[in-house]
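Enquirer: Quick one, structure for this:
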Amino acid sequence: MALFSMPVHQSIHGAIKMFEALREFNKESETYDFPPVEMGIGINTGSLVLGTMGAVDRMQCSVLGDTVNLASRIEQLTRKYGVKILIGEQTYEALENRELFSIRMVDYVAVKGKGIAIKLYEIMDAESEERKQAKFKTQPLLKKGLEYYFSRDFTQAIDQFREAIIIDQKDPVLRLFLDRAQNYILNPPPQDWAGFEKLQQK
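Expert: Numbers count the residues shown, from 1 in each chain. This is a model prediction of the structure:
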């Protein structure tokens with residue numbers, strides 16, 4: 001875990017640099033036939049409690065609060081979406097120069113243990129050039145598909161997601177929304193559906 005003060009872009013730059021270092025590490029490890037190391041980074045922004053905790057014989061500096069807990073949940077979700085860096089909605093909103101990064105929305109969810117839904121965004125700059133270019137190609141289709149999806153036009157959404165999957169079959173986000181849209185065709189959501197999913201797993 002790492003803490004960053006404002007501005008938000010410092011934490012994102014730090015995460016990207018970590019993946020650059022990891023690529024070099026894996027390249028060197030490959031010469032020894034070691035398996036590659038994989039990781040995911042979750043970033044969240046907000047207030048927290050920072051202080052020294054514990055007893056006299058065992059004391060450490062730590063942080064507590066919903067911001068910290070949600071950052072942990074976001075990190076765990078990198079596996080679900082097959083992404084390297086995932087940021088929460090508060091981080092995205094606090095990011096002043098978004099054009100500095102390649103960003104796409106990947107979901108709108110209420111994570112386990114939370115009642116409030118947030119949008120999740122992927123920072124694609126940590127991806128390999130091959131994967132980044134593949135995601136760039138499908139980004140317009142994903143964006144349009146999400147517009148149809150959130151407006152409850154699931155048939156049109158399915159067409160967009162299917163076309164995107166033809167271009168990039170390795171992206172779990174495309175398959176995730178295709179499956180959800182197909183499910184809502186068979187089992188329509190309630191009238192008060194707000195578009196987000198309640199995640200039951202971490």
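Enquirer: okay, now residue 177: neighbour count?
Expert: When counting by other CB atoms under 10 Å, one arrives at 23 neighbours for residue 177. In short, each C-beta sits where N, CA and C put it, glycine included.
Enquirer: Is it in a helix, a strand, or coil?
Expert: At residue 177 the chain is in helix, as set by DSSP: H, G, I helix; E, B strand; the rest coil.
Enquirer: How about the contacts made by it?
Expert: With contacts defined as CB atoms under 8 Å, 6 or more residues apart in numbering, residue 177 is in contact with 142, 145, 146, 149, 157, 161.
Enquirer: repeat that for 10 Å
Expert: 106-107, 142, 145-146, 149, 154, 157-158, 160-161, 164-165 (CB atoms under 10 Å, 6 or more residues apart in numbering).
Enquirer: Residue 162 is in contact with residue 138, isn't it?
Expert: No. Contact criterion CB atoms under 10 Å: residue 162 and residue 138 do not qualify, at 11.2 Å.
Enquirer: Okay, now the unreliable bits of the chain?
Expert: For the chain, applying pLDDT under 70 flags the ranges 48, 50, 62, 64-65, 113-114, 200-202.
Enquirer: center of it, which residue is that?
Expert: A centroid search over the chain (CA atoms, centre = their mean) returns residue 86, at 3.0 Å, as the residue closest to the centre.
Enquirer: What segments of this structure are strands?
Expert: With DSSP state E as the criterion, the chain has strands at 41-43, 49-55, 58-64, 85-88, 103-110, 118-123, 197-198.
Enquirer: Dump those into CSV; add distance to residue 177 as well.
Expert: What follows is those, written out as CSV (distance: least, CB to CB, whole Å):
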stretch, distance to residue 177
strand 41-43, 20
strand 49-55, 36
strand 58-64, 34
strand 85-88, 16
strand 103-110, 8
strand 118-123, 13
strand 197-198, 10
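Enquirer: okay, those strands, which one's buried deepest?
Expert: strand 85-88 (a mean of 26; mean count of other CB atoms under 10 Å).
Enquirer: Could you spell out the sheet neighbours of that one, each with its direction?
Expert: Looking at strand 85-88 with DSSP bridges, its partner strands are strand 41-43 (parallel), strand 118-123 (antiparallel).
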